[in-house]
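Kindly generate the corresponding structure for this input.
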Amino acid sequence: MAKQSSKTAADGMKGSPQKGKRSYRRLGWAMLLSLVIFSPASVPLFCIGMLPGIVTAIFDRKPRKTALQTIACANFCGVMIFAVELWKKGNNLEYLGTILQNHINWLIMYGSALMGLMCYIVIPIIIALLLDAKSSIESSDLKRQMQALRDEWGPEVADENLEVKFMPFVGAEK
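Next up, the predicted model:
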């Protein structure tokens, strides 16, 4: 009985990952329900405008969902511009039709998703190039320091062919 209660206490301390997923799902459903009730003209706008994010959610199989995060967030920003405009104009379906009839608005909504995709593709390449440049700079600094040691202490100090033998620990077993 004592083992069972300690296990329950340990589980309470850690927190269940499923519990967190359920709370996010509940939050998402609550947001969707409130959007349908209080802003019925926004639902078609978000469904149509967020198509790149929805497609990414379906096809992104990575555990951390990085493609979904970048593309859907950028797509959401592009759609949110028109959602705010729709809310300012009274949230009616007639103005939604006006928004959806303009091809520039489609370009902005889907172009923002394209910008998210470009960030997803380009930023890791830029980071890899920066890390490579940093490592080459550090390597040249170390070579300069090694040459300074050679000049000061002689060639034996920084000889690559020199075998270094370490003294064994005092209590080490053989």
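
mind checking the SS state of residue 61?
Taking DSSP: H, G, I helix; E, B strand; the rest coil as the rule, one finds residue 61 in the coil state.

Can you report how many residues lie near it?
Here the count is done by other CB atoms under 10 Å, and residue 61 has 7 residues near it. Heads up, the C-betas are built off the backbone N, CA and C, glycines and all.

Just the helices from this structure, written as ranges.
Applying DSSP state H to the chain gives helices spanning 2-14, 17-38, 42-49, 51-59, 66-88, 93-101, 103-153.

Which pLDDT does the model give residue 35?
We have a pLDDT of 81 for residue 35.

Please disregard the earlier target; I meant residue 171.
Residue 171 carries a pLDDT score of 62 in this model.

Find the least confident helix or strand in the chain, judged by mean pLDDT.
The weakest-scoring helix or strand in the chain, judged by mean pLDDT, DSSP states H and E, is helix 2-14 (a mean of 51).

so where's this structure shaky on pLDDT?
1-17, 157-174 (pLDDT under 70).

Just list the residues touching residue 109, thanks.
By CB atoms under 8 Å, 6 or more residues apart in numbering, the contact list for residue 109 reads 49, 75, 78-79, 82.

any idea which of these is the one closest to residue 119?
Nearest to residue 119 among these: residue 75, at 11.7 Å, using CB to CB.

Count the neighbours of the nearest residue to the closest one once chain neighbours are set aside for me.
Spatially, and ignoring its direct neighbours in sequence, residue 75 is nearest to residue 113 (3.8 Å; CB to CB, 6 or more residues apart in numbering). When neighbours are counted by other CB under 10 Å, residue 113 registers 26.

Thank you kindly, that will do.
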